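Trainee: Have a look at this prediction, sequence included:
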Amino acid sequence: MLDHILSILIFFPALAGILGFMIDKKSIRAYGIAVGFVEFALSLWLWFAFDSNVSGMQFMENLPLIPSFGINYILGVDGISLFIIILAAFFTMIGIASLTKTKNEKNMIITLLFLQMTMIGVFSALDAIVFYVFWELSLVPMLYIIGAWGGPLRIYASIKFFLYTFAGSLVMLVGMLFMAYFFYQATGTWSFAILDWYRLILPESFQLWLFVAFFFGFAIKVPMFPFHTWLPYAHGQAPTIGSVILAAILLKMGTYAFIRFSLPLFPDASVFFMVPIAVIAIIMIIYTAMVAYAQKDVKQVVAYSSVSHMGVIILGTFALNVEGISGSVFLMIGHGVVSGALFLLVGVIYDRRHTKLMSEFGGLAHVMPRYATIFGIMLMASVGMPLTINFVGEFLSLLGFYEQSHILTLLAGIAIIVGAIYMLSAYKKMFFGNITKDENRELKDVNKRELLALIPLSIITIWLGIYPKPILEPINNSVEAVVQLMHNKSTTVEAKERIPNVSGIVISKTSTREAH
Amino acid sequence: MEKYLYIALFAPLVSSLFSALFTATPKKQFVGIVASFLIFSAFVSSYILLGHIMDGGEPIHVEMMTWMATGNLYIPFGFVVDQISVTMMMVVTLVSTIVHIYSIGYMDHDKGFNRFFAWLSAFVFSMMILVMSDNYAGLFIGWEGVGLCSWGLIGFWFHKDIATWAANEAFIMNRIADLGMLIGLFLVYWNTGTLQYEGAFAAFAQLDTATLTWIGIFLFIGAMGKSAQFPLHTWLADAMEGPTPVSALIHAATMVTAGVYLVIRSNELYSLIPHVGLFIASLGAFVALFAASMALVNRDMKRIIAYSTLSQLGYMFAAAGLGAYWVALFHLMAHAFFKALLFLGAGNVMHAMHDELDPFKMGGLKKVMKWTWIMMTIASLALAGIFPFAGFFSKDTILEAAFAEHHMVIYGVLLFTAGLTAFYSFRLVALIFHGEERYKIFGIHPHEAYRFMLIAMSPLLILAMIAGVFQAPFFEMVEEILGAAEYHIHSHVTLWIMLVGTQIFVGLAILYAYKKYGTWSSVPDGSSKMENSFIYKLLYNQYYIPYAYEEYIVKPYNEISEILWTKVDQKIVDASVDGIAGFFYSAGENTRDMQSGNLSTMLKWMVAGIIILLSLAVVFGLAARYSGEIMAILSGLGV
C-alpha cells in the first residue's frame, strides 16, 4: 500500500466524492468529515514513512501514459512538497468539519473533495503534463465554489479568477512544450519527466525565454504584482471555506512551482532575473501592505496581506541559497496556517453579523474575549512575532536574501513594519474601544464547531514556532539538494558565484556543530 | 545550578500560563498571589545564581534544544548566566516581584485583574529570555516578546481609544527599530557565520572596521527603539496610558533598559569601534538634556517621570558609549530601583486622586499620604544624585567617566542636566505634597494606599537609599567581563571640587524648585506670562515632534495608502486587466453581426473575405516572383 500511497492520496478523495453523490443529504457532513479524516491520517502516515535523511524523491510511482511522447504518470514527494500535501489534507478536513450551514451542503462537500484531489495531485506530480492537468483542474472546483456560494459579485469574481489564471497557465504550457522539445533535440527522446529535465543543461538564452514563459503561469497564481488583482475579488466574493483553501493551499502552487521548475531548470536565468523579481517582491510587500491598510473590509485586509506575505516567500525563493529557500518553503506552510486561520476568523464574525466592514464592529473584545484572543494570536503570527510559525520562515527568507543584496533586503524588511501597521490598526478597529453598535452587544463567542478548527491551528502556529525542526529538517535536506543541483548546472560565472556550493557548506556545518 | 537557571527562566512562564487560565473568569485574588509567589521564586533562584557568580563560580551555560537549523545556520535555545545577565536577572526579578505584589492592591477593583497578571508575568518571561540568551536570535525573541507584552499592557484598558492608540504606536515604532536590529543580526551572521555571542565576538576581531561599524550602527538602531532614544522617543511618553505598575516595571526599570543591555552585552563589538561609541555617547547626552527639558514644564505626573526615565537612559548610553560599560550597568540597576519606586509612589497618588494626573490640581498631600511622600522624596533625592543615595554613586560615576575621558562637552551637558533633573523632580514633589490643598476645589478625598502595597515598596526604598554600597562588590564582579576600569581623576583636589560642586549645584536646583513650587496655591489656566512664552510652548508641546510625526508621517501614510488603493490598484492595475479582457469582449460583441444568420449579410462578408484572400495571394505571388528585384531595390535604399 505504501508503494502507491501518493495515488491513494490523490484519488481516494475523488472516489469518495463520486460515491458522495449517493449519500443522503443529512449524513453528508459526517461522511465528508470521515473522508477528510482518513485522508489526513493517510498523509500523516506518509510523513511517518518518509525518510527525512533522504534528500531526493520518495514513494515514486511511474506509469506510462503516452510513451511515444514521454508523457508518464510519475509521482513522488520530497521534503519540499511533503508538508504542503499534509497541509492540504489538514485544511480540507478542518474546512469540512467547521463548515457553517450552507445551502447545497452536499455539493459543497463533494466539490471540496475534488479540489483536494487536484491540490495533492499538483504537489506530487513529477511529470510536467500530469502537473499541468492537475494545475488546471484545480480551477474548476474553485470556480464553482466562488460562483455558486459567493457574494453579490460572484460571477464576475469567479470568471476573472478563472480566465486570468488560465491565460497565464497557457503560456506556461507553451513553455513546457518547448522544454520537452529541447529535451528531445538534446537527447533524441521525448520526456516530460521533471527529473529528466533536471539533467538537461540549457544555454542561457534559452533559459531566459523559458523562464519568462513559466514565470507568467506561476506569477499570476502566486499572485505577484501587478498580476494580483484577481485575488481581492476572489477572496472578497468567495465563501469562507473558499478563501481558506485558496489562501492556504492554492496560492502555494505558484511559489512551489518556482522551486520545482524555475530554479533547478533555469539556474542561470534565475540569477539573471533575481534582482527584477526581488524588486517585484518588494513592491508586493510594501505596496500591498499599504493597500491593505486602506481597506474598510477586514477580509480584504487579510487578502491583501496574503499578497504581501507571498512577496516575502518569493524573495526567500530567489535568495538561491539554502537558508532563503528553506525559509520560503517554511513560510509557505506558515502562511498557509496563519492566513487560513485568519480567513476562518473573519468567517466567524461574518456568520454572526453578515458584514465584514470594520466600521460595523469595535469593542468586540468585550463580548467575544475568546475570539479576540485567537485573533490576537493569529495577528501576532501574521506580523511575524518570534516563537510563532511565520517568524521562522520570514526570518530565514530575509536572512537568506541578505547574502544577495543588502539594500534590497533592507527594503524588503519594511515588511515587518508595514505588516504591523495594517494588522494592528485592523485589530484596533475591530476589537478595541467601546461597543458602539447595538447589534454587537449580544454577539456569541466562538462556538465548539469553530474552535474545532481554530484550536488546532493555534497549537500548530505556536508549536512550529518554538520547535520547527521536524519540518525544517526534511525541508532543509531537500533544499540542499536543489541548491547543489543549481550550482552544478549553472553555466555563467555570476550564477556560480551567487548559488552556493552546498557540499562545501555541509563540512563546515558539522564542524561548527561540533564546536557547540 | 542549572536547576536554578531553569526556575528563574520558567517560573514566570508558568505564572503567566496559570493566570491566563482565569482570564475569562471574574477577579480571583489567589491568581495575583500565586503569580507573585512564582515570580518571587524566580527572584530567589536569581539570587542563588548571583551568589554563585559572586563567589567566582564559572558562568552557567546551557543549551536546551535546537530552534532553527538550516543551511549553515544553527540557532539553539541557549541560555547563559554570567556577570552581566545575572545582574539583569536580579533587577528584573526583584522589581517584578515587587510590582506583582503591588498590583494585587493597585488592580484590586479592575475587571481584568487575572488578565493583567497573565500579561505581566509573560512580560517577565520575555525579559528573562532577553537577558539570559546566549545568542542574538534568542535575544531577539525576548526583544519582540517584551514588545508584545508592552503592547498588551499599554493597551490594557482597551476600551480607551487613547490607550490602544499608544499601544499601537509603541509597537510600530519599536518595529521600525527592530528592522535595524534584524539587519544587524543578518550582518553578524553573514560575516561571522554564527549568531552565538561567543563565536561572533571571537570573529569580530578579524573583521574590518567598516563592517564592524555597520554592525554596530544597525544593532544600535534596534537599541534606540527599545530604549526610546531620539528620534524614536515619542512612544514612551504616550505609553503612560497603561496602568501605573506597568509603567514602573516596563517603562522605567526593565524593558526600556534592554537597549542599554544590548550595547553592554555587545561591548566586545563596541570596544572595537570607538567612533560609533562616541556617537552613542553624544546621542545619549543629547537625549538626557532633551528629555529633561521637556520634563521641566509638563503637567502630567506620569509623563514627567517618563521623561526623566528617558533622560536617565541617555545617561546610561553616554556611559556605555564612552566604554564605561560597568558604570552604565550600575546606573541601570540603581535607576531601576529608584525609578520603580517613584512610579509606584505616583500610582499611590493617582489612586488617591481618582486618576488625576495634573500635579497642579494636587498639593499638600503629605498630610494624608505620609509614607508615599517620604518614599517619593527619597526616590527623587536618589534620582537627583544626592549623597548618600543610590543615584549619587551611579550618576556621579558617569560624570567622572566623561571627565576622565576628556569629553568635556558631554560632561558639561550631563552636569547641566543633573541640575535640571533635580529641579523637575522636586517641582513634582513640591506640587504634589506641599503647598495648598488644591484638590479640595475638585472635591476629592485622598487616602493612603493599602499597607501591604507600601510594605511591598519598602525594599525599593531601602535599595534607593543604600544601593551605593554595592558599587565596590559590583565592580569586582564585572571587572573581568566588562574590562572595567576605575576612573581616576588625577588630582584629588579636582575630584573633590567636582563632587562637592555637583552636590551644591544640584542642591541649589532642589531649593529653587521648593521655593518656586513649595507654596503654590492656584491651578494655572494658561493665561500667565510664562505659559505664553515661546520656550514654554515649545517644551510643553514636546518640541512639536509628535505633531510633526502626525502631520508629516502618519497622515501622508494614510493618504498614500488610500491613493494606492483607489487610484493605483483599482484604476491602473486592475483597470488595465479589465481593459484587456474588455477589448476581447467588445471585439466579439462588435463582430457578432457577421454571424447574424442573415444570408445576404453573410454572402457580403464572404465576398469581402474572398477579395482579401485573393489580393493577398496576388501580392505574395508577385513578391515571390520578383523577390530578386525587390531585394536589389531594398539594398539600393540601404536597408
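Mentor: Thanks, I have it.

Trainee: Can you show me the strands along the stretch 501-639 of chain B?
Mentor: All residues of the stretch 501-639 of chain B lie outside strands when identified by DSSP state E, counting those that start in this stretch.

Trainee: Check which helices and strands the biggest helix by length in chain B sits against.
Mentor: If you go by DSSP state H, chain B has its longest helix at helix B:161-192. In this structure, helix B:161-192 makes packing contacts with helix A:389-404, helix A:406-412, helix A:415-431, helix B:136-154, helix B:197-204, helix B:209-226, helix B:234-238, judged by 3 or more CB pairs under 8 Å, 6 or more residues apart in numbering or on different chains; DSSP states H and E. (Each C-beta comes from the backbone N, C-alpha and C, glycine too.)

Trainee: So which of those helices has the densest surroundings on average?
Mentor: Highest mean neighbour count among the helices and strands packed on helix B:161-192 (mean count of other CB atoms under 10 Å in any protein chain shown): helix A:389-404, with a mean of 27.

Trainee: Taking helix A:415-431 as reference, get the angle to it.
Mentor: On the basis of axes from the mean of the first three to the mean of the last three CA atoms, to 10 degrees, helix A:389-404 is oriented at 160 degrees to helix A:415-431.

Trainee: Could you pull out the buried residues of the longest helix of chain B?
Mentor: B:163-192 (16 or more other CB atoms under 10 Å in any protein chain shown).

Trainee: Distance check, the residue in the stretch 351-500 of chain B that chain A sits nearest to against B:His109.
Mentor: Closest approach of the stretch 351-500 of chain B to chain A (CB to the nearest CB) occurs at B:Asp355, with a separation of 17.6 Å. Remark: distance between B:Asp355 and B:His109 (CB to CB, to the nearest Å) = 12 Å.

Trainee: residues contacting residue 422?
Mentor: All of this is about chain A. A:289-290, A:292-293, A:295, A:301, A:304-305 (CB atoms under 8 Å, 6 or more residues apart in numbering or on different chains).

Trainee: Not quite, go with chain B.
Mentor: The neighbours of B:Ala422, taking CB under 8 Å, 6+ apart as the test, are B:384-386, B:506-507, B:509-510, B:513.

Trainee: is it fair to say B:Ile481 lies in a strand?
Mentor: No - per DSSP: H, G, I helix; E, B strand; the rest coil, B:Ile481 lies outside any strand segment and is coil.

Trainee: Give me the local confidence score for it.
Mentor: As predicted, B:Ile481 sits at a pLDDT of 81.

Trainee: I'd say it and B:Asp82 touch.
Mentor: Yes - judged on CB atoms under 8 Å, B:Ile481 makes contact with B:Asp82 at a distance of 6.2 Å.

Trainee: hmm, back to that, reformat the contacts of A:Tyr422 as CSV; add secondary structure.
Mentor: Converted to CSV, the contacts of A:Tyr422 look like this (three-state DSSP):
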residue, secondary structure
A:Ala289, helix
A:Met290, helix
A:Ala292, helix
A:Tyr293, helix
A:Gln295, coil
A:Val301, helix
A:Tyr304, helix
A:Ser305, helix
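
Trainee: and chain B, which of those contact it?
Mentor: When contact is defined as CB under 8 Å from any CB of the partner chain, the contacts of A:Tyr422 meet chain B at A:290, A:293, A:295.

Trainee: what about the nearest residue to the first one once chain neighbours are set aside, neighbour count?
Mentor: Nearest-residue entry for A:Met290: B:Ser561, 4.3 Å, with adjacent residues in sequence omitted and distances by CB to CB, 6 or more residues apart in numbering or on different chains. Counted with other CB atoms under 10 Å in any protein chain shown, the burial measure for B:Ser561 works out to 21 neighbours.

Trainee: Please look at B:Ser561 and A:Thr288 and confirm they touch.
Mentor: No - if you go by CB under 8 Å, B:Ser561 and A:Thr288 don't touch, sitting 10.5 Å apart.

Trainee: and residue 316, what element?
Mentor: Assuming you mean chain A. Element membership of A:Gly316, judged by DSSP states H and E, is helix A:298-317.

Trainee: if you could check chain B rather than the one you did, that'd help
Mentor: For B:Met316, the host element (DSSP H and E) is helix B:301-321.

Trainee: So which elements touch that helix?
Mentor: helix B:234-238, helix B:244-248, helix B:258-265, helix B:267-270, helix B:274-297, helix B:325-352, helix B:390-404, helix B:408-433.

Trainee: Out of those, the one nearest B:Pro473 is which?
Mentor: Across the helices and strands packed on helix B:301-321, the minimum distance to B:Pro473, taken as CB to CB, is reached by helix B:325-352, at 10.9 Å.

Trainee: Dump the next helix or strand after that closest one to CSV, keeping only the CA atoms.
Mentor: The helix or strand immediately downstream of helix B:325-352 is helix B:370-384, counting by DSSP H and E. Extracted C-alpha coordinates of helix B:370-384, given in CSV (Å, rounded to 0.1, in the frame of the first residue of the first chain):
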residue,chain,number,x,y,z
LYS,B,370,2.9,60.5,54.7
TRP,B,371,4.6,57.3,53.6
THR,B,372,4.1,57.9,49.9
TRP,B,373,5.5,61.4,50.4
ILE,B,374,8.6,60.0,52.2
MET,B,375,9.2,57.4,49.5
MET,B,376,8.8,59.7,46.6
THR,B,377,11.0,62.3,48.2
ILE,B,378,13.8,59.8,48.8
ALA,B,379,13.4,58.4,45.3
SER,B,380,13.7,61.9,43.9
LEU,B,381,16.8,62.6,46.1
ALA,B,382,18.3,59.4,44.7
LEU,B,383,17.3,60.4,41.2
ALA,B,384,18.9,63.8,41.7
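
Trainee: circling back to that earlier point, now, the most widely separated pair of the contacts of B:Ala422?
Mentor: Farthest pair in these, by CB to CB: B:Gly385 and B:Ala513, 14.6 Å.

Trainee: which strands and helices sit next to the helix holding A:Gly316?
Mentor: Using 3+ CB pairs under 8 Å, 6+ apart, helix A:298-317 is in contact with helix A:230-237, helix A:251-257, helix A:274-293, helix A:322-353, helix A:389-404, helix A:406-412, helix A:415-431.

Trainee: Turn those into CSV, columns for distance to A:Phe206 and mean pLDDT.
Mentor: Shown next, in CSV, are the helices and strands packed on helix A:298-317 (distance: least, CB to CB, whole Å; pLDDT from 0 to 100):
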stretch, distance to A:Phe206, mean pLDDT
helix A:230-237, 30, 91
helix A:251-257, 19, 93
helix A:274-293, 18, 93
helix A:322-353, 23, 93
helix A:389-404, 24, 93
helix A:406-412, 27, 93
helix A:415-431, 34, 92
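
Trainee: wait, which of these is closest to A:Phe216?
Mentor: Nearest to A:Phe216 among the helices and strands packed on helix A:298-317 is helix A:251-257; the distance by CB to CB comes to 10.8 Å.
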